Structures are given as C-alpha cells and as structure tokens.
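A.B. asks: Quick check, what structure comes out for this input:
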Amino acid sequence: MIGLREQQKAARREAISEAAVALFARQGYQGTTIEQIAKAAGVSAPTVFAYFKSKQEILLETLREADARAVIATRQCIAQIDDPAQALLQLERQVVEHAFGMLPAALWRELLPQIIGQSGSGLPAAYRKVNALLVKEIAWVLSEFKQRGMLREDLDVDYVAFLVNDYGHLQFLRLASQEEPNFEDHASQVKQMFELLLVGMRST
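C.D. replies: Here you go, the predicted structure:
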C-alpha cells in the first residue's frame, strides 16, 4: 500500500507535469521556463528541479506516458486481431490519438524538428531513447504474428520495426504540419503503406 508521503510526491510530480504541458501548449516549449512552470504548479523552482532535472525531462516523461498508454491499449486487443497489418494500424492509431491527446498539433510542429533532429546530444538523443521502446513494441507485435505462422519465419522483425517507425515519423510530421490535422486521410495513407509493406512478409 502506498503511504501518504509517496502519494503526496506523486501528486506534486503530476501537478508539475500538467502545469508544464499546459504552458508548453499555450506559449511553446522554447518560450516556457522552469520558473513559469513552478509558478503555475504552485511550487518553487527548486521543488521542480527536485522532481525533474529540466523541462526536457518533463517533456520526455509526457511522451513516454503517451506511448505507454498506446501500448497498453494495443496489447489489450491484439489477441482479437487476426491480421498483422491491422495490428500495426491499431498501434499506430493509438500512438497518434494519445500523442495528440496529450500535446496539441501546434506544439508538435515546434517539437518535431527538434526531437527527430540529427544532433548527437540534447533533445534528439534523449528522444531516441524514448522512441526505442516504441520500436521494441512494433517488433513485439510483428513477433506475435510470426509466432502464429502468419509472417515468414526468416522475417527480421527488428529491421521491419525500424522501417515502420521511420515511416510513422514521416507521416506523423506531415499530420502535425497541417493547421487542421486530417486524421482520416492520415489513417488511409498509413493503412495503404502497411498493407503494401507486408505483402512480401506474409507466410505462404
């Protein structure tokens, strides 16, 4: 059973995170300071630093949480899905829904050029560690269907997961770049690509 102190710490951490995300959405990631986050959360700046090393860490925790919710939602229904393309679509749909549910499109437009940048340090490097968990989940989905005999035995699920993830980033960037994201059109394009990608990977 979680003690009162732990509950208070968890509540304070959540309050700081929620305050930060609200500020990021309203005035942008770059335009938000730790001091502003602290004020919005009703705590001091040192208190914020006691829970998060930087605003980057707050952002990354938000992204991890969005991906985690997408993974849980997908795992809950994958047993009822009998097609690998549909399973990948389900995961991608959940990722998009939770990502846009936690951060607005305007903020994604600011963040994406930074988090998928080429720099070897800072936010891009930190984001790659977060994204690696999602790539593993894509590989797990493919492995499930490989074990069911629906995908080729020699299929390199890790490499395919890498390709799917890269394609997903491209489509996500296009979606976020729209002033009014067209989720229906996005889903249609992703569906077409996944079905095409899996043509040569299915078990004969």
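
A.B. asks: Roughly how far does Ala38 sit from Leu155?
C.D. replies: Here Ala38 is placed at a distance of 50 Å from Leu155 (CB to CB, to the nearest Å). The way it works is simple: take the backbone N, C-alpha and C, and place the C-beta from them, glycine included.

A.B. asks: If you could redo that for Leu198, that was the one I meant.
C.D. replies: For Leu198, the distance to Leu155 - CB to CB - is 10 Å.

A.B. asks: cool, and Val71?
C.D. replies: On the measure of CB to CB, Val71 and Leu155 end up 21 Å apart.

A.B. asks: again with Lys55
C.D. replies: 41 Å.

A.B. asks: Next, the contact list for the residue nearest the centre of the chain, please.
C.D. replies: For the chain, Asp67 is the residue whose C-alpha lies nearest the centre (CA atoms, centre = their mean; 3.9 Å). Applying CB atoms under 8 Å, 6 or more residues apart in numbering, we find Asp67 in contact with 95, 98, 130, 133-134, 137.

A.B. asks: In JSON lines: the residues you listed, plus distance to Leu63, neighbour count and pLDDT.
C.D. replies: Converted to JSON lines, these look like this (distance: CB to CB, whole Å; neighbours: other CB atoms under 10 Å; pLDDT from 0 to 100):
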{"residue": "Val95", "distance to Leu63": "10", "neighbour count": "23", "pLDDT": "95"}
{"residue": "His98", "distance to Leu63": "10", "neighbour count": "20", "pLDDT": "95"}
{"residue": "Val130", "distance to Leu63": "5", "neighbour count": "17", "pLDDT": "87"}
{"residue": "Leu133", "distance to Leu63": "10", "neighbour count": "12", "pLDDT": "91"}
{"residue": "Leu134", "distance to Leu63": "9", "neighbour count": "22", "pLDDT": "93"}
{"residue": "Glu137", "distance to Leu63": "14", "neighbour count": "20", "pLDDT": "95"}
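
A.B. asks: Among those residues, which one sits closest to Leu163?
C.D. replies: Nearest to Leu163 out of those is Leu134 (CB to CB; 13.4 Å).

A.B. asks: Next up, the contacts around that closest one.
C.D. replies: 67, 71, 95, 165.

A.B. asks: Now with 7 Å, please.
C.D. replies: 67, 165 (CB atoms under 7 Å, 6 or more residues apart in numbering).

A.B. asks: Buried residues, the helix or strand that contains it. List them.
C.D. replies: According to DSSP states H and E, Leu134 maps onto helix 123-147. By neighbour count with 16 or more other CB atoms under 10 Å, helix 123-147 contains the buried residues 123, 126-127, 130-131, 134-135, 137-142, 144-146.
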